[in-house]
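Prediction below, plus the sequence it came from.
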Amino acid sequence: MGIRFNKKFSSFHLKNEQISYQIAIVDNKYLSHVYWGKAISESCRGSDFPIKDRSFSPNPAGDVTYGLSMNTLPQEYPGHNNGDYRESSFKLTYSDGSFSSQLVYDGYEIIKGKPAIDGLPHSYVSDSEGAETLIVKLKDESSECRINLIYTIFNNYPVITRSVSIENFGDESIQIDKLLSMSVDLDHSEFDCIQLPGAWGRERDLVRHPVYRGVHRIDSKRGTTSHTYQPFIALTNPHTTEDSGEVYGFHMVYSGEFVMNTEVTEYNQTRVQAGINPEHFRWTLNPGEHFVTPEVVMAYSDKGLNAFSQTLHNFYQNQLIRGTYQYKERPVLINNWEGTYFDFTEDKILEMADRAVELGVELFVLDDGWFGKRDDDTTSLGDWFVYDKKLPNSLKLLAEKIRAKGMKFGLWFEPEMISEESDLFKAHPDWVLKAEGRQPSKGRNQYILDYSQKAVRDNIASQLKKILDEVPIDYIKWDFNRNMSEIGSQSPGVSDGEVTHRYILGLYDLLEDLTTSYPDILWESCSGGGGRFDPGMLYYMPQTWTSDNTDAVARLEIQTGTSLVMPISSIGAHVSDVPNHQVNRWTSLDMRGHVAMSGNLGYELDPTKLSVFEKETVKRQINFYKKNRNLIQFGTFYRLKSPFDFNNETAWQFVDLEKSQSVVFYTVILDKSNQMRPRLKLKGLDSNKRYKISSYEGLFHGDELMNKGVYIDPPLGADQKQGSYQLNGDFRSTMIKVEEVR
């Protein structure tokens, strides 16, 4: 177990019981990828890649093995302008204007545990025995800089993390034009690629396609990760399913602009890369300075996509999320946004709270509109003081009144933004993020604060801490409602090419301060919903508002795509009113409840307008969820039927660690006349245990439920009608509880 160096063959083997990762040093110079996959024996014989001369693939300068070419050798971190015509992993411009680089091996170090990455979110181990880290040192022979490749393998996960650091030992500055976090060359191209693209209101579609010749790129040029692409790709065997086949996944622990490349060459080799997007990046590395890239999580499964997701869920839950709420159950909340939008008073909020507590809600969240002079989205961002017109008796008194009713109190902020109509803008127009000589464009009637400036962060921290010190707050929803444009800083000495990364570093600095200063607050990140739902934010905030789209049908795809990479405990999901405010669709309250229960349950509506029947239904939902939320939030999750595969059906299952209890949600979107329901085969149970199922007679063995399955027909809701011959109705769902009988 751990990391071994074979001196005879000049090779490294990173291994645990689940995976192996092998690297070789070819010709005592060049770092070559050998193997990544299911664990293999301890032998590490060096590179077995066939070295053959190929036309138009030049050989490196100097005395090298005949046929060796950077253009065909599987590499770990390829250089720039050196005869490798594939995508480079870095580009440096030296003081003489040269940008040719070829890294050669210059030693290694193996250390116990996993070092922190200063200023950046990262996975961690609490015990140095839980992981080992390999640092491979590379140097550019024609310059005085060193690049270190940092690999960590964990004892209990089929996961390797990678990042890169660069040090300038010379007397002249070096310009970093591109510095990716990882690159790996695989020796074939028989893969499908899975990605999670999207847009506002339809985040994380699960898109799968064969890899193809050339470069396929996903990226963000928006300043942050954004709705458009999750910083994730996976390569799978073409026949990989939820339950079988290989998966190679790559996920960046970063919230800024990123790029991920998948390149297939003329020899059907596949190069995968991930790192900071070079589009808006140009960094000056002065003598004596170093720069560290964000971390990339590389996870492997040979048992299909469900096992791959479970690996990431467990890894992020145990080795990335921190703080009080790492394993703490999340409260059932109500958010007033879709119930009132900006139009509320203190009396209205208290009336909603009275009705909510009767339903069993545990947390009341006051959303946008409580600060400055905020009656719409054109004003007051940056002015984080109470709007006396709406809350004349103070925010503190409102929070205390809600807490006295038996609920916790939460509050919405958007601390990275500023309105032109605000006191802060009038005092500091120079704090707006904008390029020199350019007018900044608006998004949602707002500008972005320049978090690369410490004075800006200090001001926002001071405003927020004043509220957090005075008001009893249990939950913060931290929003970010536009992307960057005209990127630049008005601060002297900060070049445009450094702004996006310095902004993210500044954001992380502020989040580290606030989340550690107020550890008992449940912090939830948001960016117009799931626009910045990434592992970087998860390091500071243990959950995210998954999407502004609260429609139950739309959420089937959104939450399925999200579940591929994110733990269920991080997925915020709310029941909203009908017709839905985003898509104008009517769905049953049962279906809305079942979908929202499959994450961190909340409600986003006006409880004073619920009918007697709706109130009783909501009470039952909340009561059931409270009894089973530990199982749902922290159990093992399975996708039984994906809306991306089955289109009209979705089924999700949650199993506790002892395999003694399980909850299954099954949904039909549009019904069809006169058809049989298929059997639903469950997963994750103990074959030898006996179980009872709610609404089913008799007992079932685990192997019977998993191999044979059971018929499930969602019942009609109270607002649906029985057909002449069978049950009919759109947007129907059912929930079954599976319990071991001892």
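The structure has been received and is ready for your questions.

and the gap between residue 15 and residue 153?
7 Å (Cβ to Cβ, to the nearest Å). Any C-beta I mention is one placed from the backbone N, CA and C, and that applies to glycine too.

which residues are common contacts for the two?
2, 3, 21 (Cβ atoms under 8 Å, 6 or more residues apart in numbering).

just checking, the second one touches residue 11?
Spelled out, it's residue 3. No: under the criterion of Cβ atoms under 8 Å, residue 3 is not in contact with residue 11, lying 11.3 Å apart.

so what's residue 420 closest to, chain neighbours aside?
Distance criterion Cβ to Cβ, 6 or more residues apart in numbering; nearest residue to residue 420, sequence neighbours excluded, is residue 447 at 6.9 Å.

give the contact list for the one you found.
417, 418, 419, 420, 425, 432, 433, 434, 440.

If we use 10 Å, what do you get?
Counting by Cβ atoms under 10 Å, 6 or more residues apart in numbering, residue 447 makes contact with 381-382, 417-420, 422, 425, 429, 431-434, 440-441, 482, 485-486.

repeat for residue 308
158, 194, 234, 236, 240, 242, 245-249, 299-302, 564-565.

ok, the spatially most central residue of the chain to residue 219 distance?
With distances taken as Cα atoms, centre = their mean, the residue of the chain nearest its centroid is residue 534 (2.8 Å). The spacing between residue 534 and residue 219, counted by Cβ to Cβ, is 13 Å.

hang on, the earlier thing: when residue 15 and residue 153 are compared, which one has more neighbours?
Applying other Cβ atoms under 10 Å to residue 15 and residue 153 shows that residue 153 carries more neighbours, namely 25 against 21.

Go ahead and list the helix or strand containing that one.
Under the criterion DSSP states H and E, the helix or strand holding residue 153 is strand 145-154.

What pairs with that strand, parallel or antiparallel?
Sheet partners assigned to strand 145-154 using DSSP bridges are listed as strand 131-140 (antiparallel), strand 159-168 (antiparallel).

will you turn the ones you listed into CSV that also has mean neighbour count, mean pLDDT and distance to residue 520?
Output for those, formatted as CSV (neighbours: other Cβ atoms under 10 Å; pLDDT from 0 to 100; distance: least, Cβ to Cβ, whole Å):
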stretch, mean neighbour count, mean pLDDT, distance to residue 520
strand 131-140, 21, 96, 29
strand 159-168, 22, 97, 29
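
between these, which one is nearest to residue 199?
Closest approach to residue 199 among the strands paired with strand 145-154 (Cβ to Cβ): strand 159-168, 29.6 Å.

Do a quick rundown of the strands in the stretch 1-150 of the chain.
2-6, 11-15, 19-26, 30-38, 90-93, 103-112, 131-140, 145-154 (DSSP state E, counting those that start in this stretch).

how close does the nearest residue to residue 49 once chain neighbours are set aside get to residue 107?
Closest residue in space to residue 49, ignoring its immediate chain neighbours: residue 74 at 5.8 Å, by Cβ to Cβ, 6+ apart. The gap separating residue 74 from residue 107 is 21 Å, by Cβ to Cβ.

So which of those two has more stuff around it?
Between residue 74 and residue 107, counting by other Cβ under 10 Å, residue 74 is the more crowded of the two (22 against 11).

pretty sure the more buried one is touching residue 269, no?
Yes: judged on Cβ atoms under 10 Å, residue 74 makes contact with residue 269 at a distance of 6.7 Å.

Now do the shared contacts for the two.
Common contacts of residue 74 and residue 269, defined by Cβ under 10 Å, 6+ apart, comprise 49, 185, 186, 187.

tell me the contacts of the residue nearest to the second one when sequence neighbours are not counted?
Counting by Cβ to Cβ, 6+ apart, the nearest residue to residue 185 once its immediate chain neighbours are dropped is residue 74, at 3.7 Å. If you count contacts by Cβ under 10 Å, 6+ apart, residue 74 has them with 23-24, 26, 31-35, 47, 49, 184-187, 269-271.

List only buried entries from those.
Buried residues within the contacts of residue 74, defined by neighbour count using 16 or more other Cβ atoms under 10 Å: 23-24, 26, 31-35, 47, 49, 184-186, 269-271.

Which member of those is positioned nearest residue 351?
Among the buried ones among the contacts of residue 74, and counting by Cβ to Cβ, the member closest to residue 351 is residue 184, at 57.7 Å.
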